[in-house]
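Novice: build the 3D model from these lines:
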Amino acid sequence: MKKIATYLGIAIACIIGIVIALHLAWYLQKSKPLNIYILDKTVTQTDRIEHKSLVWLLNHFRIVGPDGKSYNHKSDYWGFFPIDLNQQLFDIKSIRLNEVDAYAAVYDAAYYADCYGVYSYEWYKTETKAPNSSKVYGGLNQNDYFLLKRMKELNKLIIGEYNMFSSPTNALIRTKTEELFNVSWTGWAGKYCPNLGAINNGKGPAEWMVKLYEKQHQKPWPSKGSGIILISNDGLIDVLEEGSDLLTPIVKLITEPTMPQWQNNPKETEFYGWFDIIMAGIGSEVHATFKLETTPAGEEKLKSFGLKNQFPAVVKGYSDKFCYYFAGDFAENSVSIATSKLKGGKTLNSILHLNSPRNAFFNNFYLPLISNILNNYTSREQ
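Specialist: From the prediction side, this is the model:
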């Protein structure tokens, strides 16, 4: 028994020693100061999943704030702040119009991770879950837009991500923001659904989607197999079903020749999150594309909505500006913050999240994408 306890103690000591060594190796890397304005209005949980993986990357790359400290995903952002989920207490951190120029001058970069917001059925858990419940907070507003505009004028880095354009963002702000990023939103969004019959269990559609579909199409929701759910900002809904409409329901994310190259990464990655269906403006660079593997019937269904089975995923709006739009919820990935401050933390994080379907996307696409953008931008600044 004593021998077992001794061996166990030695093993634990070795593990602790390895972790300390990996942390020291990470810490000894040169830190890079970069003041980043992170906006996340869709925070219904204390874990801040919508921007947590972005902060993981900043920490892992040794990017620090102006105070020299690592970024904290629970405090170093703007938007919605849950205080007490049980008491339903929250705070909101936002800028005023007269502060836009000052903040645009102070911040080096802006990353809008999610602007959709929080609705009453998500925050006030006792309420009935309905798609038309009242907004607690959310939507891209004029001050958010003006900050991006001013930072772009100052040649700062700006990155926008999925859900900047849909309701509750109003039409005028949406149009101006589309012009800012040099993209046009079709009004449609979509997501892969692994089990169309698993209603309201997290792996399938929400109940309101089923009801809306059956009301519009006057037929039962397709309750078998997998597919891609399509929803328009005007309230239309449809489903691309595996077999009849899709050869495979998995959304492919394909890098284009214009994408700055990184080594040892696949050209094609599977994407499981929500995506916007957008068009790139004249003069923009499409760095990556979403592709839906449609059958002729599926292609015709898309065509009836004015859509195609391939559309931009990453757009650099202007060749002379550090201005990017990601047409997917790229920053929503499963990560363990503790691994971000370890040399080799990418590997350990992958092991801890082997069951996450977005693991490959995070490692093979999002991580090198953000690394490449930040390296190009900071080297330009230096």
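Novice: got the contact list for T258?
Specialist: Going by CB atoms under 8 Å, 6 or more residues apart in numbering, T258 touches 285-287, 316. Bear in mind the C-beta positions are built from the backbone N, C-alpha and C, glycine included.
Novice: kindly report the same for F361.
Specialist: 253, 269-272, 333.
Novice: which secondary structure element is home to it?
Specialist: Assigning secondary structure by DSSP states H and E places F361 in helix 359-361.
Novice: swap in V55?
Specialist: In this assignment (DSSP H and E), V55 forms part of helix 49-60.
Novice: quick one: that helix to chain centroid distance?
Specialist: Mean-position distance between helix 49-60 and its chain equals 10 Å (CA atoms, centre = their mean, to the nearest Å).
Novice: output the contacting helices and strands for that helix.
Specialist: Secondary structure elements in contact with helix 49-60, counted by 3 or more CB pairs under 8 Å, 6 or more residues apart in numbering; DSSP states H and E, are strand 36-40, strand 109-114, helix 345-352, helix 367-381.
Novice: ok, 7 Å please
Specialist: Contacts defined by 3 or more CB pairs under 7 Å, 6 or more residues apart in numbering; DSSP states H and E place helix 49-60 against strand 36-40, strand 109-114.
Novice: domain ranges for this structure, per the record?
Specialist: Taking automatic domain parsing as the reference, the chain has its domains at 1-30, 31-182+317-382, 185-312.
Novice: make a markdown table out of those and add mean pLDDT.
Specialist: Written out in a markdown table, the entries for the domains of the chain read as follows (pLDDT from 0 to 100):
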| stretch | mean pLDDT |
| --- | --- |
| domain 1-30 | 70 |
| domain 31-182+317-382 | 90 |
| domain 185-312 | 92 |
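Novice: please enumerate the helices of the stretch 151-300 of the chain.
Specialist: Secondary structure of the stretch 151-300 of the chain (DSSP state H, counting those that start in this stretch): helices located at 171-181, 207-217, 296-304.
Novice: ok, now the stretch 1-150 of the chain?
Specialist: Counting by DSSP H, counting those that start in this stretch, the stretch 1-150 of the chain has these helices, from start to end: 2-27, 49-60, 100-106, 120-123, 142-153.
Novice: what comes up buried for the second one?
Specialist: Same thing as helix 49-60. For helix 49-60, burial by neighbour count (16 or more other CB atoms under 10 Å) applies to 49-60.
Novice: closest to A25 out of those?
Specialist: The closest of the buried residues of helix 49-60 to A25 turns out to be H60 (CB to CB; 12.3 Å).
Novice: once you drop chain neighbours, what's closest to the closest one?
Specialist: Ranked by CB to CB, 6 or more residues apart in numbering and with sequence neighbours excluded, the top spatial neighbour of H60 is S340, at 4.6 Å.
Novice: check E214 too.
Specialist: Sequence neighbours aside, W221 is the residue nearest to E214 in space, at 5.8 Å (criterion: CB to CB, 6+ apart).
Novice: ok, now N333?
Specialist: Distance criterion CB to CB, 6+ apart; nearest residue to N333, sequence neighbours excluded, is S53 at 3.9 Å.
Novice: return the residues in contact with the one you found.
Specialist: Taking CB atoms under 7 Å, 6 or more residues apart in numbering as the criterion, S53 is in contact with 331, 333, 335, 362.
Novice: sec struct for the residue lying closest to the last one once chain neighbours are set aside, please.
Specialist: Residue nearest to F362 in three dimensions, not counting chain neighbours: N333, with 4.3 Å by CB to CB, 6+ apart. Classification of N333 using DSSP: H, G, I helix; E, B strand; the rest coil returns coil.
Novice: any idea how many residues pack against N333?
Specialist: When counting by other CB atoms under 10 Å, one arrives at 24 neighbours for N333.
Novice: distance check, it against T378.
Specialist: Distance check for N333 against T378: by CB to CB, to the nearest Å, it reads 23 Å.
Novice: now do P82
Specialist: Between P82 and T378 the computed distance is 32 Å (CB to CB).
Novice: quick one: contacts for the closest residue to R96 other than its chain neighbours?
Specialist: If you skip the residues right next to it in sequence, R96 has N143 as its closest partner in space, 6.8 Å away by CB to CB, 6+ apart. By CB under 7 Å, 6+ apart, the residues touching N143 are 94-97, 100.
Novice: by neighbours, which of the residues you listed wins?
Specialist: V100 (20 neighbours).
Novice: F146 is in contact with that one, correct?
Specialist: Yes - using CB atoms under 7 Å, V100 is in contact with F146, at 4.7 Å.
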